[in-house]
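Participant: Got a predicted structure plus its sequence, pasted below:
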Amino acid sequence: MIDIIGAISLTALFGLCCGVLIGASPLEAAARSRLALAAVVWFACIGSLAAAGVFSPAGGGALAIGMALLAPIVLTLVAAARSSTFRIAALDTPLAVLVGIHVGRVLGVFFLLLLAAGRLPPTFAMTAGWGDIGVAVTALPLVWAIQRRVKGWRTLTLAWNVFGFVDLVTAVTLGVGSAPGSPVRFIFESPNSGAVGSLPWLLIPGVLVPLYLLTHVAIFAQLARGVVEKPQTRQRGLAWELTR
C-alpha cells in the first residue's frame, strides 16, 4: 500500500513542481511547451529504466542512480551557459516560487515510513526524512518573508537555501554510502538503501532531487545577482544626483 501511495504522491509532486515553475517563468509559450515536453521525457525515461531494473542492485545500482541524478543537472547547467531561455527561467522566475515548491519536500515522511517498515537503514532514512521535513515546514514562512521583504529576508533566504542544498547532498551521500554494491559504501546498517533503486522510490533521486538541486542553484544565482546589482544601482543613483 505504501508503494502505491508513494507512486501517486511522488508523480503528482513532480508534475506540480514542473507545472508551477514553468507557469511562473517569464518565458514565451513556445519555450514553456519545450520545457514541459523535456520534463515529461525525463520522467518517462527514468521511469522506464527503473521499471527495467537498471537502478536495482542487480542492475547498475548506486552508479546508475548517481548518473541519473547528475545527468539532468549537468545538462541543464550547460544549457544555461549557452541558452538565454534557461538563464531567463533561472534568474527571472519569482524567488518566492523557487522557495515555495520545496513545501513538497514534506513527502520526506516516506523515508520515515520506509524505516518503520524495515526497508531503509536508520542513518539514511532519519537524516533524509527529517531534513526534508525541516526544509518543507520552513519554506512557507520564508515565502511570506520574501514577499513582504521583511528585514533580513536575503540573509534568511541564503541560510535556508544552504540548509536545503546541504540536506540534499547529505541525503544522497548517505544513500550511496549505504547502498548494496556501492563502490563507496561506508554505512553497513541493515537493511541497506537498496529500496531506493526500485519504483516508486527511485523517482526521488531520479527526478525530484535533481529538480530541487537546480532550484537551489537558481536561488543562489538570484541572491548573488541581487548582491552584485545593489552597489551598481547605488552608483547609477549617485551619478544621477551629481548631474542634477
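Facilitator: Received the coordinates, thanks. Residues are numbered from 1 along each chain as shown.

Participant: so which helix or strand takes in the residue most central in space within the chain?
Facilitator: Most central in the chain under C-alpha atoms, centre = their mean is residue 212, positioned 1.0 Å from the mean C-alpha point. Element membership for residue 212, per DSSP states H and E: helix 209-242.

Participant: Quick one: mean pLDDT for that helix?
Facilitator: Averaging pLDDT along helix 209-242 yields 68.

Participant: picking that back up, pretty sure the residue nearest to the centre of the chain sits against residue 105.
Facilitator: Yes: Residue 212 is within contact range of residue 105, at 6.9 Å (criterion: C-beta atoms under 8 Å). No exception for glycine: its C-beta is placed from N, CA and C like everyone else's.

Participant: what residues are shared contacts of those two?
Facilitator: Residues touching both residue 212 and residue 105 by C-beta atoms under 8 Å, 6 or more residues apart in numbering: residue 164.

Participant: thinking again about what came up before, which ones are touching the residue nearest to the centre of the chain?
Facilitator: Residue 212 makes contact with 101, 102, 105, 164, 168, according to C-beta under 8 Å, 6+ apart.

Participant: In terms of helices and strands, where is the closest residue to the second one other than its chain neighbours?
Facilitator: The one in question is residue 102. Spatial nearest neighbour of residue 102, chain neighbours left out: residue 139 (4.4 Å); criterion: C-beta to C-beta, 6 or more residues apart in numbering. Element membership of residue 139 [criterion: DSSP H and E] is helix 122-148.

Participant: I'd assumed residue 90 was in contact with residue 221.
Facilitator: Yes: the criterion here is C-beta under 8 Å, and residue 221 meets it with residue 90 at 5.8 Å.

Participant: The two: which has the busier surroundings?
Facilitator: Neighbour tally, residue 221 and residue 90, criterion other C-beta atoms under 10 Å: the higher count belongs to residue 90, 22 against 15.

Participant: Please report the distance of that one from residue 46.
Facilitator: Residue 90 is 22 Å from residue 46, where distance means C-beta to C-beta, to the nearest Å.

Participant: Kindly report the same for residue 193.
Facilitator: Going from residue 193 to residue 46 by C-beta to C-beta gives 18 Å.

Participant: right, and the helix or strand after the strand or helix carrying residue 7?
Facilitator: According to DSSP H and E, residue 7 maps onto helix 2-24. Next helix or strand after helix 2-24 toward the C-terminus (DSSP H and E): helix 29-51.

Participant: now the angle from that following helix to helix 2-24?
Facilitator: Calculated by axes from the mean of the first three to the mean of the last three C-alpha atoms, to 10 degrees, helix 29-51 forms an angle of 160 degrees with helix 2-24.

Participant: Can you spell out which helices and strands pack onto the helix or strand harbouring residue 100?
Facilitator: Per DSSP H and E: residue 100 is located in helix 95-100. Applying 3 or more C-beta pairs under 8 Å, 6 or more residues apart in numbering; DSSP states H and E, one finds that helix 95-100 contacts helix 2-24, helix 122-148, helix 153-177, helix 209-242.

Participant: quick revisit: what separates the residue nearest to the centre of the chain from residue 155, distance-wise?
Facilitator: Counting by C-beta to C-beta, the gap from residue 212 to residue 155 is 21 Å.

Participant: Thanks a lot, catch you later.
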